[in-house]
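*Asks:* A predicted structure for the sequence below; I have some questions about it.
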Amino acid sequence: MLLNSPYAAIIMSLQLIKMSASAAWVLIATVVAIALAVDMSWMKGLMLAGFGLLPPLAILFLWNEPAQTMSESINDARR
């Protein structure tokens, strides 16, 4: 049902933006972790893993698509 919506392209592009931002964050965090791995303890490793994974997860789960507007609701009801 969602794929037949005229707003499917917007939702898909939002998914693409979220995935791209998450991938870039993880890549940058990995490069930083490798660069700082000169004196790596388990605690620093866990902190870097959390720093690398928690923000992308927050982006993926907390960034929602915009709510449907009143005019979109009326147009959907008229169809």
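*Replies:* Sure, I can see it.
*Asks:* contacts and neighbour counts: CA atoms only from here.
*Replies:* Noted.
*Asks:* neighbours around residue 56, how many?
*Replies:* 20 (other C-alpha atoms under 10 Å).
*Asks:* Can you name the element that comes right after the helix or strand harbouring it?
*Replies:* Assigned by DSSP states H and E, residue 56 belongs to helix 42-62. Per DSSP H and E, the first helix or strand lying C-terminal to helix 42-62 is helix 70-78.
*Asks:* Show me which residues of that next one are buried.
*Replies:* The neighbour-count check on helix 70-78 (16 or more other C-alpha atoms under 10 Å) flags nothing as buried.
*Asks:* Could you do stretch 56-63 as well?
*Replies:* Buried, per 16+ other C-alpha under 10 Å, within stretch 56-63: 56, 60.
*Asks:* Return it as CSV; C-alpha atoms alone will do.
*Replies:* Extracted as CSV, the C-alpha positions of stretch 56-63 are listed here (Å, rounded to 0.1, in the frame of the first residue of the first chain):
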residue,chain,number,x,y,z
PRO,A,56,23.7,5.7,13.7
LEU,A,57,21.2,3.5,15.6
ALA,A,58,19.5,6.7,17.0
ILE,A,59,19.4,8.2,13.5
LEU,A,60,17.8,5.0,12.1
PHE,A,61,15.2,4.6,14.8
LEU,A,62,14.4,8.1,15.9
TRP,A,63,14.4,10.0,12.7
